[in-house]
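> Sequence and predicted structure, then a few things I'm wondering about:
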Amino acid sequence: MKSEVVVPFGTNLFYEPIPFEMIKTYETKPQVIVNVGDMPAVCKNLTCDFTYTTPVGEITEFTYTKASKVLVIKGTDFPALNADIQKVWYAMTECTIDKSKYT
């Protein structure tokens, strides 16, 4: 015995969802999911994106003198001008760059 069930064509079409992990796109500003604690956050204009920039320079050594509050950083491939360095943070404190000592 053979049986067949024919479902008529209707206005509602159902497609199996594609898992997000299977969709690959090459974005210049990829979207990220933001949480504050356990609560999801909503970003301005509903876009939570970031721009990846290649880091410049590498810190190979640093010393901090507590008495004078001076941080000395040594490394490779630092920018030629100290104006090209945006910020230096140490121990959750923003540091001031001494232009006369920058070499």
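On my side now, so go ahead.
> what's around I73, how many residues?
18 (other Cβ atoms under 10 Å). (Each C-beta comes from the backbone N, C-alpha and C, glycine too.)
> so it sits in a strand?
Yes. I73 forms part of a strand when assessed by DSSP: H, G, I helix; E, B strand; the rest coil.
> how close does it sit to T28?
31 Å (Cβ to Cβ, to the nearest Å).
> Once you drop chain neighbours, what's closest to the spatially most central residue of the chain?
Central residue of the chain (Cα atoms, centre = their mean): F50, 5.5 Å from the mean position. Spatial nearest neighbour of F50, excluding adjacent residues (Cβ to Cβ, 6 or more residues apart in numbering): V32 at 6.2 Å.
> do C43 as well
Nearest non-adjacent residue to C43, counting by Cβ to Cβ, 6+ apart: V34, 6.2 Å away.
> What distance do you get for the one you found to C48?
V34 is 5 Å from C48, by Cβ to Cβ.
> Then K29?
10 Å.
> Compare the two and say which is more crowded by neighbours.
Neighbours around K29 and C48, counted as other Cβ under 10 Å, are more numerous at C48. The numbers are 15 against 11.
> Can you give me the neighbour number for Y90?
Y90 - counted by other Cβ under 10 Å - has 12 other residues nearby.
> in the sheet, who's paired with it?
With DSSP bridges applied, Y90 shows beta-bridge pairing to T93.
> quick one, what contacts it?
62, 64, 71 (Cβ atoms under 8 Å, 6 or more residues apart in numbering).
> Reformat those residues as TSV; add distance to M39, neighbour count and pLDDT.
Formatted as TSV, the contacts of Y90 follow (distance: Cβ to Cβ, whole Å; neighbours: other Cβ atoms under 10 Å; pLDDT from 0 to 100):
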residue	distance to M39	neighbour count	pLDDT
F62	37	11	93
Y64	37	13	92
L71	36	17	92
